[in-house]
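Colleague: Below are the sequence and a predicted model; questions follow.
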Amino acid sequence: MTVNLLGLTQKELAEFFVELGEKPFRAKQVMKWIHQLGVSDFNDMTDVAKSLRDKLTQLAVVAVPKLLNEQLSSDDTRKWLLELTPGNAIETVFIPEDDRGTLCVSSQVGCALACTFCSTGRQGFNRNLTTAEIIGQIWWAYKALGKNPKGERVISNVVLMGMGEPLLNFDAVINTLSILLDDMAYGLSRRRVTLSTSGVIPALQRLQEQMPVALAVSLHAPNDALRDILVPINQKYPLKQLMQACQSYVKAGPRDFITFEYVMLKDVNDSDKQARELIQMVKDIPCKFNLIPFNPFPGSGYETSTSQRIKSFKDILVQHGFIVTVRKTRGDDIDAACGQLAGKVIDKSRRHEKFMEIEND
Ligand code: SAH
Ligand code: SF4
């Protein structure tokens, strides 16, 4: 069986070379070729000895997902559709801003957590991505975007905020982070890699111990009663525990704050009273807020808060000393905004059908 080197951490690659009777430092050389120079054919790795290249050609591959489509938005947001296996495709989005370029990657095909306002959650869950499939998204985007005139990589930040709940694909995500942070590969600092979670607490604690990167937590509600509905995993890991886990994470993480994401749903979670309740809830946690205007999708049953409402909600948080950003909707014309990433999910949980039944009632 051939091994796919794209998803191996430096440690795993070194072990593989030792098994082949080679020196472990070859791992560094080959990693640079794969991740920094975007080379997938061993014969093009010109400073690797011919004998090793021949061995690799027989025993290994650098298998990247197949690029099905690339779209460019009028606001310069880009989206790539990548095929994993026939029938399963995922989307990756690049969002350029003045001071940075952020790549948003997916960690699962679909998501099992069924947040009611999320299109991915509505589609159900198919499977976890492998490390190679998550890294494959970054590999394609780095190759497509390259460096700017100053010689810096156009992608300066990576966020695990695409399809899926990264903490429910823990091992593959940890290995992905290891490759992202590795100087022989993408060499990003921990502060420039953000993992977004809806709050899978035990896995969050393991992340804190093993590979703390910047953290975004999808809050969306100021109390358990509402969050139980919007983010059903809250029934298992309620807010009090989540707040404690966040407090602990800040101490270990690379940033001295947590980013709380809060999707603005008209007449559901956007009142002034709820803003005040939210402030009470997070009072012991160093945090910033990112308000996300809800991106509608057919049959969602939700509407986006008005811009006046968002402003009023924001102002209350700001008056209490919080830093608040309102996420600009980017890439709307190519369906690349938050919660719009679809790809093709063949739901294995059959939950989709249940949803359809409920919606049709
Ligand atoms: N599963 C992780 C990461 C992926 S979702 C999480 O939930 O954090 C990334 C972000 O997009 C989350 O904050 C999520 O709540 C938000 N989101 C999902 N659907 C959305 C929609 N329709 N409009 C706006 N934001 C949405
Ligand atoms: Fe999954 Fe995140 Fe969507 Fe919830 S918001 S269903 S956790 S992808």
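Modeller: Arrived safely, thanks for sending. Numbering: from 1, shown residues only. Ligands and ions are numbered 1, 2, ... in the order given.
Colleague: Count the residues that sit near the closest residue to ligand 1 within the stretch 1-150 of the chain.
Modeller: Ligand 1 sits closest to Cys118 of the stretch 1-150 of the chain, with a gap of 3.5 Å, by CB to the nearest ligand atom. No exception for glycine: its C-beta is placed from N, CA and C like everyone else's. If you count neighbours by other CB atoms under 10 Å, Cys118 ends up with 26.
Colleague: Then Lys150?
Modeller: Around Lys150 there are 5 residues (other CB under 10 Å).
Colleague: what do you get for the one 5 residues further on?
Modeller: Here the neighbour count serves as a burial measure; for Ile155 (other CB under 10 Å) it reads 22.
Colleague: quick one: low-confidence ranges for the chain?
Modeller: For the chain, the stretches flagged by pLDDT under 70 are 336-361.
Colleague: if you set the cut-off to 50 instead, what comes out?
Modeller: Under the criterion pLDDT under 50, the flagged ranges of the chain are 344, 350-361.
Colleague: which parts of it sit against ligand 2?
Modeller: Contact residues (CB under 6 Å from any ligand atom) of the chain with ligand 2: Cys111, Leu113, Ala114, Cys115, Cys118, Thr120, Gly121, Gly164, Glu165, Ser198, Ser218.
Colleague: The first one and Leu167 touch, don't they?
Modeller: Put plainly, it is Cys111. No - using CB atoms under 8 Å, Cys111 makes no contact with Leu167, being 11.3 Å away.
Colleague: Pick out whichever of those two has more residues nearby.
Modeller: Taking other CB under 10 Å, Cys111 and Leu167 do not tie; Cys111 has more neighbours (24 against 21).
Colleague: Distance-wise, check that one relative to Phe117.
Modeller: Distance of Cys111 to Phe117, computed by CB to CB, to the nearest Å: 12 Å.
Colleague: And Gly101, by the same measure?
Modeller: Separation of Gly101 from Phe117 (CB to CB) stands at 27 Å.
Colleague: again with Val64
Modeller: Counting by CB to CB, the gap between Val64 and Phe117 amounts to 33 Å.
Colleague: Nearest the geometric middle of this protein, what residue?
Modeller: Leu160 (1.4 Å; CA atoms, centre = their mean).
Colleague: For Val213, grab the count of nearby residues.
Modeller: Residues near Val213, counting by other CB under 10 Å: 24.
Colleague: Now that Gln208 has come up, it's in contact with Gly253, right?
Modeller: Yes - using CB under 8 Å, Gln208 makes contact with Gly253 at a distance of 7.1 Å.
Colleague: what helix or strand does whatever residue of the stretch 1-150 of the chain ends up closest to ligand 2 sit in?
Modeller: The minimum distance from the stretch 1-150 of the chain to ligand 2, using CB to the nearest ligand atom, falls at Gly121 (2.5 Å). For Gly121, the enclosing helix or strand under DSSP states H and E is helix 119-123.
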